[in-house]
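[1] model the following, please.
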Amino acid sequence: MTVMRVAVIGGTGFVGSYIVDSLVEAGHSVSLLVRPGSRSKLQRQDISHIVEGDVASEAALDQLLTDCDAVIYCVGILREFPRKGVTFAALQYEGVVRTVEAAINNNVKRFLLMSANGVKVPGTPYQETKKRAEDVVLASGLDATVFRPSVIFGDPRGLMEIATQLYRQMVRPPLPAVGFFTGRSPEKGPILMSPVHVRDVADAFVKVLDDPQSVSQVYELGGPEDLSWTDMIRRISASVGKKKWMLPYPIGLMMFAARFLDWLPFFPATRDQLTMLAEGNTADPAVLQRLIARASRPFNADELSYLED
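    Numbers count the residues shown, from 1 in each chain. A predicted model of the protein is given here:
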């Protein structure tokens, strides 16, 4: 293994913080870009090089990438807040473009990009900005690798992830859980995902850093099983010792309601999120297992032990 100095953008987020952990545990040196006032979000205090700024600042990116061997971009959002400058275009596309330019200017050859499974053009704004960012990175001339994980679960460490969200919104309330499906019936239109553990995703990033065979590759990452929306809720319920009634509900009706209500902060999902959910989100488990050279973690009670009733 080649020891590197790696710049991480998005390292205070859910997945990014685990990538930082895996990098440090593997012996790499980490440089972090942290927004002003966000140092308290750091999960560890042994990061030697921290640059305050954001992806809109070319100066901050240049400072971050000075003397680095590689850069990992793992910024992503699910909901926009335009008044705060939090948009898909700004963070998932324009930030990537600036980072690619900074990498070229600072002679940083290795670039790893966190994308998402199911990205495409045309698609939702989330999907389109992620796909356009992939195209920029892969055409940049850098030694680039793109990761497209399915839904990611694991201890959120004070943030949010899929299992915690489903637990709070579907399992904990004393009401039947909504069992979304597409088509005419739950049996004919299950919504399938390949939930993948955050530590496995983080390990995949670190494993390919110095692997020349991964250059120009796009890896879809999924856990060991394809599970339906209903299966996931039932496993979450079992992990906290609950039995949950399921209320089958066509996702199309929820999407119709979201056309009018998704601007409200308390509405559980945006129209774009529901559109992507309806499309499904699966991946071949062999890809991840080959990258990390071991079995990937299942979506079961042991791995969901961070959930509390």
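[2] from now on I want contacts and neighbour counts done on CA atoms only, so please keep to that.
    Will do.
[3] give me the below-cutoff pLDDT ranges for the stretch 1-150 of the chain.
    Within the stretch 1-150 of the chain, no range satisfies pLDDT under 70.
[4] quick one: the helices in it?
    Shown for the stretch 1-150 of the chain, the helices assigned by DSSP state H, counting those that start in this stretch span residues 14-25, 58-65, 88, 95-105, 125-138.
[5] what packs against the longest one?
    Same thing as helix 125-138. helix 88, helix 95-105, strand 110-114, strand 143-149 (3 or more CA pairs under 8 Å, 6 or more residues apart in numbering; DSSP states H and E).
[6] need these in TSV (columns: mean neighbour count).
    Formatted as TSV, the helices and strands packed on helix 125-138 follow (neighbours: other CA atoms under 10 Å):
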stretch	mean neighbour count
helix 88	23
helix 95-105	21
strand 110-114	24
strand 143-149	23
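[7] would you turn those into a markdown table with distance to Gly10?
    Below are the helices and strands packed on helix 125-138 laid out as a markdown table (distance: least, CA to CA, whole Å):
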| stretch | distance to Gly10 |
| --- | --- |
| helix 88 | 14 |
| helix 95-105 | 11 |
| strand 110-114 | 10 |
| strand 143-149 | 15 |
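[8] looking at these, which is nearest to Cys74?
    strand 110-114 (4.8 Å; CA to CA).
[9] give the pairing partners of that closest one; include direction for each.
    strand 70-73 (parallel), strand 143-149 (parallel) (DSSP bridges).
[10] please tabulate the helices of the stretch 1-150 of the chain in CSV, including the columns distance to Ile77.
    Below are those laid out as CSV (distance: least, CA to CA, whole Å):
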stretch, distance to Ile77
helix 14-25, 11
helix 58-65, 20
helix 88, 7
helix 95-105, 13
helix 125-138, 8
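[11] so which of those helices gets nearest Met160?
    helix 14-25 (7.3 Å).
[12] which other helices and strands contact that closest one?
    strand 5-9, strand 29-34, helix 198-208.
[13] name the nearest residue to Leu221, sequence neighbours excluded.
    Pro149 (4.3 Å; CA to CA, 6 or more residues apart in numbering).
[14] I'd say the one you found and Val218 touch.
    No. Using CA atoms under 8 Å, Pro149 makes no contact with Val218, being 10.4 Å away.
[15] gap between the two ends of stretch 245-259?
    Taking CA to CA, to the nearest Å, the first and last residues of stretch 245-259 lie 27 Å apart.
[16] buried sites along it?
    If you call a residue buried by 16 or more other CA atoms under 10 Å, then stretch 245-259 has these buried ones: Met246, Tyr249, Pro250, Ile251, Gly252, Met254, Met255, Ala258.
[17] likewise stretch 296-303?
    Using 16+ other CA under 10 Å as the test for burial, stretch 296-303 gives Ser296, Arg297, Pro298, Phe299, Ala301.
[18] again with stretch 302-309
    Buried-residue list, stretch 302-309, by 16+ other CA under 10 Å: Leu304, Tyr306, Leu307.
[19] now do the end-to-end distance for stretch 287-299.
    End-to-end distance of stretch 287-299 (CA to CA): 17 Å.
[20] scratch that, stretch 109-123
    Using CA to CA, the end-to-end distance of stretch 109-123 comes to 30 Å.
[21] cool, stretch 42-59 as well?
    22 Å.
[22] helices and strands around the helix or strand hosting Ala257, which ones?
    Assigning secondary structure by DSSP states H and E places Ala257 in helix 251-261. Contacts defined by 3+ CA pairs under 8 Å, 6+ apart place helix 251-261 against helix 271-279.
[23] helix or strand next in line after the helix it packs on, which one?
    Next element after helix 271-279 (DSSP H and E): helix 285-292.
[24] ok so, going back, just the helices and strands packed on helix 14-25: most buried one?
    strand 5-9 (a mean of 25; mean count of other CA atoms under 10 Å).
[25] just the angle between it and helix 58-65, please?
    140 degrees (axes from the mean of the first three to the mean of the last three CA atoms, to 10 degrees).
[26] what pairs with strand 5-9, and is each one parallel or antiparallel?
    Using DSSP bridges, the strands paired with strand 5-9 in its sheet are strand 29-34 (parallel), strand 70-73 (parallel).
[27] show the pLDDT at Ser305.
    On pLDDT, Ser305 comes in at 96.
[28] residue contacts, Ile233?
    Going by CA atoms under 8 Å, 6 or more residues apart in numbering, Ile233 touches Leu166, Tyr167, Met170, Val171, Ala177.
[29] before we move on, what about Ala70?
    Per CA under 8 Å, 6+ apart, neighbours of Ala70: Met4, Arg5, Val6, Ala7, Val108, Lys109, Arg110, Phe111, Leu112, Leu209.
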